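Enquirer: Generate a structure from the sequence data that follows.
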Amino acid sequence: MTKQQPPDDQPQKPSETALPSEDPLYLGRTAGQRGAEILAGIRALVLNSPTARTLSKPRGRVIAQMMMTLLPHNTAGLNFLGVRTSSMAELVKVAIQDMAGPTTIVEVAAGFSPRGLELAFELPEVQVIEVDLPDVVQDKRRRLRALDLPPNITWKEADLGQVTLASLLEGQQVSAIVAEGLLPYFEPDDHVRIGKGFFDNLLPGGVFVADYLWVEGFEQAKDGARFFSRQAGQIKGMVESEERPKEILAKAGFQSVDVYRPSELAERFDLPRPVLDFELIVAAHKPVKAG
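Expert: Numbers count the residues shown, from 1 in each chain. Coordinates of the predicted model:
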């Protein structure tokens, strides 16, 4: 990682998902915690991963199963979240395989995803940093305390609505930034600003991997999505076309943006199928040279 000066951004108000709110299902005191618990439950159901099960709670698995019954074509809906988690890891591995020098992957809003830990085990020469709200990070580390953790993974506690990623990383630029399930909770007008922040924290040639909620996909599973939104926070940002993420991220500085349907990535990386194309997954590349 190399140094850059952190911007002089003033602290912002806390993220809505970090504020305490009503918890009728006893999953967590904030929307961020509740969303992380439900996603952990779904991953435990669909991923062949002991780590994913370790990171879930029984109540989260029960609620996840209830939510998934609201999706049409239940198997395809279940497969979607497993494919999203796994395919984003594969896209990162492809992007960093030819990068020179020390390699660092940052997972923002990591929740109880097993991806960062599994990447750390698989790629011992790579540094992995996970970032999330303090309550989520502390709970995740408690759940993992029985495991022999690799030395190349670290956690940082932060609400990125209040502090910048640059200040959290102390100005260090990294090879890859992954943001799974983050952008749908922000207004479309905020996506350029968020993308620019991630762009600035990447090394030349680095990659930003994220997902965009897609209007066409949402219509296929709106009952399940609305149930999740009631627990995990209001969905605010959807894109209307497969070209829209390219336009947004181009404004943020990315010159090369690959947009995929989950079904494409399931085929490419031999992941479970059928898959509901609920969202779009993007890999946005920072130019190796400026200009």
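
Enquirer: What are the neighbouring residues in contact with the residue nearest the centre of the chain?
Expert: Central residue of the chain (C-alpha atoms, centre = their mean): Glu180, 1.6 Å from the mean position. Taking C-beta atoms under 8 Å, 6 or more residues apart in numbering, we find Glu180 in contact with 84-85, 88, 107, 109, 111, 113, 115, 210-211. (Each C-beta comes from the backbone N, C-alpha and C, glycine too.)

Enquirer: Residue ranges in the stretch 151-291 of the chain under the pLDDT threshold?
Expert: The stretch 151-291 of the chain contains residues with pLDDT under 70 at 221-234, 290-291.

Enquirer: please redo it, this time with the cut-off set to 50
Expert: 231-233 (pLDDT under 50).

Enquirer: Pull out the buried residues from the longest strand seen in the chain.
Expert: As assigned by DSSP state E, the longest strand anywhere in the chain is strand 202-214. Across strand 202-214, burial judged by 16 or more other C-beta atoms under 10 Å covers 202-203, 205-214.

Enquirer: right, and the helix or strand after it?
Expert: helix 215-220 (DSSP states H and E).

Enquirer: Give me the packing partners of that next one, helices and strands only.
Expert: strand 238-239 (3 or more C-beta pairs under 8 Å, 6 or more residues apart in numbering; DSSP states H and E).

Enquirer: Surely Leu91 and Asp211 touch.
Expert: No. Leu91 lies out of contact with Asp211 (C-beta atoms under 8 Å); the separation is 10.9 Å.

Enquirer: Common neighbours of these two, please.
Expert: Ile281.

Enquirer: Could you double-check that Gly60 sits in contact with Gly35?
Expert: No. Using C-beta under 8 Å as the test, Gly60 is too far from Gly35 to be in contact (10.4 Å).

Enquirer: Ile235: neighbouring residues, count only.
Expert: 15 (other C-beta atoms under 10 Å).

Enquirer: Can you give me the distance of the residue nearest to the centre of the chain to Gln255?
Expert: According to C-beta to C-beta, to the nearest Å, Glu180 stands 23 Å off from Gln255.

Enquirer: And Phe186, by the same measure?
Expert: Applying C-beta to C-beta, the value for Phe186 to Gln255 is 23 Å.

Enquirer: neighbour count winner among those two?
Expert: Neighbours per residue (other C-beta under 10 Å) separate Phe186 from Gln255, with Phe186 holding more: 17 against 11.

Enquirer: Of all the residues in stretch 131-144, which ones are buried?
Expert: In stretch 131-144, counting by 16+ other C-beta under 10 Å, buried: 131-133, 135-137, 139-140, 144.

Enquirer: before we move on, what about stretch 33-48?
Expert: For stretch 33-48, the neighbour count (16+ other C-beta under 10 Å) marks 33-47 as buried.

Enquirer: got it, and stretch 145-164?
Expert: Taking 16+ other C-beta under 10 Å as the criterion, stretch 145-164 shows 152-153, 155-156, 158-161, 163-164 as buried.

Enquirer: Among the residues you listed, which pair sits farthest apart?
Expert: Asn152 and Gly161 (27.9 Å; C-beta to C-beta).

Enquirer: any idea which helix is longest in this protein?
Expert: helix 74-96 (DSSP state H).
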